[in-house]
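Engineer: A structural model of the following input is requested.
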Amino acid sequence: MPKFKIISQRTIADSVYEMILEGDTSEITSPGQFVNIALPEFYLRRPISVCDCEENTLRLIYKAVGQGTEKMSLLPEGYELDILTGLGNGFTVNNSKNCVVAGGGVGVPPLYMLCKKLIEKGIKPTAVLGFTSARDVFYENEFRSLGIDVKVTTNDGSYGIKGFVTDVLDTMSFDALYACGPMPMLRALCKYDAVCQLSLEERMGCGFGACMGCSIQTKNGYKRVCKDGPVFFKEELIWDTI
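Structural biologist: The predicted structure follows:
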């Protein structure tokens, strides 16, 4: 199994960590893909979306929400992890010049690599990043360093614009929308008259389509979020069944 060595790990928001690892990233071919991490003493792997990758360097951002991710947050530099990479189908980068990336909470990380890919194609997206409160905000400066317009919202108004991602998007005009975040947010984004690609959050077992545990019903039949997704076009989804 592929081995990755932890180069650094730091806290970047309330219970949110950035982990940078060294290893073979050649299997990661598109933004929106994820990795599946084996942790000591835990049977199931933990799926984590890819924030960014370069040659032999992998950047992950995750929230410690259970025993597994809590354990991961305590792992020291130099520790080696067994990681399956290049899982899932990511975002399809189209040629629309007037586009927005919208993230909610830990749905923000994969949009960073997506923005870099869009910029490589000569497209400057607007990033709209939504969080619960000021203590949850992360990576605003990293997105700004890409030279793009960044708007931050918080539910309670303790930082940035008070409200939700949709409150900002309602004031904008765009042709393409890429998004990752909690299901209620993604469902709300389907109202916009734009090409919408949505990265779904779903519990996963194997992470590569064998166990069928993350299957959802779509207009094209049952699909596995880990294998056929996690990114779907809005037209495929049947929200009443998700």
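Engineer: number of nearby residues for residue 191?
Structural biologist: When neighbours are defined as other Cβ atoms under 10 Å, residue 191 has 12 of them. Every residue, glycine included, has its C-beta placed from N, CA and C.
Engineer: longest strand anywhere in this protein?
Structural biologist: Counting residues, the longest strand found in the chain (DSSP state E) is strand 3-13.
Engineer: so who does the residue located most distally from the centre of the chain touch?
Structural biologist: In the chain, residue 41 marks the outermost C-alpha relative to the chain mean, sitting 25.9 Å out by Cα atoms, centre = their mean. Counting by Cβ atoms under 8 Å, 6 or more residues apart in numbering, residue 41 touches residue 71.
Engineer: that one in helix, strand or coil?
Structural biologist: Residue 41 falls in the coil class when you classify it by DSSP: H, G, I helix; E, B strand; the rest coil.
Engineer: ok so, going back, partner strands of the longest strand of the chain and their direction?
Structural biologist: Strand pairing for strand 3-13, using DSSP bridges, gives strand 16-22 (antiparallel), strand 80-87 (antiparallel).
Engineer: pLDDT weak spots in this structure?
Structural biologist: 1, 202-209, 212 (pLDDT under 70).
Engineer: for residue 230, grab phi and psi.
Structural biologist: Here is the backbone geometry of residue 230 (degrees, to the nearest 10): phi -80, psi -10.
Engineer: my guess is it meets residue 34, correct?
Structural biologist: Yes - between residue 230 and residue 34 there is a contact at 6.9 Å, judged by Cβ atoms under 8 Å.
Engineer: domains in this protein, by residue range?
Structural biologist: In terms of domains, the chain is parsed into 3-87, 99-199 (source: automatic domain parsing).
Engineer: tell me which of the ones you listed sits most buried.
Structural biologist: Mean neighbour count (mean count of other Cβ atoms under 10 Å) peaks for domain 99-199 among those, with a mean of 19.
Engineer: endpoints of that domain, how far apart?
Structural biologist: Domain 99-199 stretches 16 Å from its first residue to its last (Cα to Cα, to the nearest Å).
Engineer: residues contacting residue 199?
Structural biologist: Residues in contact with residue 199 (Cβ under 8 Å, 6+ apart) are 32, 49, 90-91, 107, 110, 179-180, 229-231.
Engineer: how about 10 Å then?
Structural biologist: Taking Cβ atoms under 10 Å, 6 or more residues apart in numbering, we find residue 199 in contact with 31-34, 49, 88-91, 103, 107, 110-111, 114, 178-181, 186, 225, 229-232.
Engineer: check residue 123 too.
Structural biologist: 93-99, 115, 117, 148, 176.
Engineer: any idea which of these is closest to residue 221?
Structural biologist: Using Cβ to Cβ, residue 94 comes nearest to residue 221 of the contacts of residue 123, at 24.4 Å.
Engineer: quick check: that closest one touching residue 196?
Structural biologist: No - the criterion here is Cβ atoms under 10 Å, and residue 94 misses it with residue 196 at 11.4 Å.
Engineer: which neighbours do these two share?
Structural biologist: By Cβ under 10 Å, 6+ apart, the residues touching both residue 94 and residue 196 are 176, 178.
Engineer: doesn't residue 110 lie inside a helix?
Structural biologist: Yes - membership of residue 110 in a helix is supported by three-state DSSP.
Engineer: from residue 82, how far out is it?
Structural biologist: Separation of residue 110 from residue 82 (Cβ to Cβ, to the nearest Å) stands at 22 Å.
Engineer: quickly list what residue 11 is bridged to.
Structural biologist: Going by DSSP bridges, residue 11 forms beta bridges with residue 17.
Engineer: right, I'll call it a day here.
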